[in-house]
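Chemist: Predicted coordinates and the sequence they were generated for:
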Amino acid sequence: MDDKVSIIIPMYNAEKSVKRCLESALKQTYKNIEIICVNDGSRDLTAEIVASICKMDTRVVLINKENGGVSSARNLGIEKATGYYIQFLDVDDTLEENATERMVEEMSVKNVDIVICGYHNVDKSLEVSLPEKTLGSSEVIEDFIPLYQSTYLNPPWNKMYIRENIVEKFPTEMSLGEDLVFNLCYLRKCEKIRIISDMVYVYTVGQPGSLTSRYNNNAVECLENKIKCILGFLSYDVEDNMPETLSNNFWLDYKHCIDGMISSGHFSDEQLKLKFVELRNTVIWYKCFSKYIPWEKESVVFWNEDYNKYITMIKRKSKLQKAKQNVKKILRRIKGN
């Protein structure tokens, strides 16, 4: 159990969190690691901070590149990696000290193609964990809906991959849903998938600018591509009668997409109205939701195309959520002192 692990950290304007993130990676009880820091064109002191840490520990590698987004940064990290295993870590987050060791242990002892772990969501005070089990490729399809709902499948950072098994990289043209598309492409190649209940990853909500970049002008198209990828993975066609649970999840994905675009402040109200129309004209929407009646009052407003009322409501929610996050950050600082 001594195969090298490449921990890939994409980073952009992360001077406030990068040191804490790197310290957690360097404190891993599993020592045969390389930490590949891909600086995606940061305009602050991120690169300088990492460079100073590189001088103290040769396991840390800094790669500077022009800004191209998190997917291009992760892809470059994969290209430069020399480890047998790949592990992703976001620069806002941290690893428990035994994270890498636990995942390598499961990979080698259980002889699996991927390990998926639980995680702590710091901002929402949530613990996300599923019972331990090993799944075959067909069982992942059978268990897809609960795995998708639990968010176990979506991110790359709560997983360990075999580097040589990564055939398709992160789609750089997508700003939304690209992580799940990458994971589904990888899972197609897997014979055995291991889920562990250990919550060895600590997740923190991203940087303030992340909403604007994710919910951009092609957000609806990205969401449609993600859903098509899910349908392909499950061998469904848009004409098929999908399970109601899956349709409900897709409906919520569309709703969250619109909510995100509203909250991002990236669009004028007139542009948002056009996005509503664009969304309702997509193939998936037409095939899956033409007869679907939402159950939430908010969704009924959305369904009835009362744009102004819906937009105002989501903007208020967004402001309230930001205020709550700021209060939590202040409380954490006070506790730290």
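Modeler: Nice, I can see it.
Chemist: could you measure G177 against P155, distance?
Modeler: To P155, G177 is 11 Å away according to Cβ to Cβ, to the nearest Å. (Each C-beta comes from the backbone N, C-alpha and C, glycine too.)
Chemist: Among the two, which residue is more densely surrounded?
Modeler: More neighbours surround G177 than the other of G177 and P155, with 22 against 19 (other Cβ atoms under 10 Å).
Chemist: Need the residues that contact stretch 180-187.
Modeler: Here stretch 180-187 makes contact (Cβ atoms under 8 Å, 6 or more residues apart in numbering) with 114, 137, 140, 153-154, 156, 159, 161, 165-171, 174, 193, 225-226, 229-230, 233.
Chemist: Show only the entries of these found in strands.
Modeler: 114, 159, 161, 193 (DSSP state E).
Chemist: Show me which pair in the residues you listed is furthest apart.
Modeler: Greatest spacing in the ones in strands among the contacts of stretch 180-187, by Cβ to Cβ: Y161 and I193 (11.2 Å).
Chemist: Quick check: neighbours shared by the two?
Modeler: Listed as contacting both Y161 and I193 by Cβ under 8 Å, 6+ apart are I114.
Chemist: Okay, now the unreliable bits of this structure?
Modeler: Applying pLDDT under 70 to the chain picks out residues 124, 206-217, 237-242, 269, 273, 275-337.
Chemist: the strands in it, which residues?
Modeler: Secondary structure of the chain, counting by DSSP E: strands at 5-11, 33-40, 60-65, 85-88, 94-95, 114-121, 126-128, 133-136, 159-162, 192-203.
Chemist: Specify the angle between the second one and strand 5-11 in degrees.
Modeler: Computed with axes from the mean of the first three to the mean of the last three Cα atoms, to 10 degrees, the direction of strand 33-40 lies at 20 degrees from that of strand 5-11.
Chemist: rewinding a little: export the strands of the chain to TSV and tack on mean neighbour count and distance to S108?
Modeler: Shown next, in TSV, are the strands of the chain (neighbours: other Cβ atoms under 10 Å; distance: least, Cβ to Cβ, whole Å):
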stretch	mean neighbour count	distance to S108
strand 5-11	26	11
strand 33-40	24	15
strand 60-65	17	24
strand 85-88	26	9
strand 94-95	22	19
strand 114-121	22	10
strand 126-128	13	25
strand 133-136	15	14
strand 159-162	22	11
strand 192-203	20	11
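Chemist: Let me have the ones you listed in JSON lines, extended by distance to E48.
Modeler: Below are these laid out as JSON lines (distance: least, Cβ to Cβ, whole Å):
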{"stretch": "strand 5-11", "distance to E48": "12"}
{"stretch": "strand 33-40", "distance to E48": "10"}
{"stretch": "strand 60-65", "distance to E48": "10"}
{"stretch": "strand 85-88", "distance to E48": "23"}
{"stretch": "strand 94-95", "distance to E48": "21"}
{"stretch": "strand 114-121", "distance to E48": "30"}
{"stretch": "strand 126-128", "distance to E48": "34"}
{"stretch": "strand 133-136", "distance to E48": "44"}
{"stretch": "strand 159-162", "distance to E48": "30"}
{"stretch": "strand 192-203", "distance to E48": "25"}
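Chemist: quick one, which of these is nearest to S71?
Modeler: Closest approach to S71 among those is made by strand 5-11 (8.5 Å; Cβ to Cβ).
Chemist: any chance you could map the helices in the stretch 1-150 of the chain?
Modeler: Under the criterion DSSP state H, counting those that start in this stretch, the stretch 1-150 of the chain contains helices at 18-26, 46-56, 70-80, 99-110, 137-142, 144-149.
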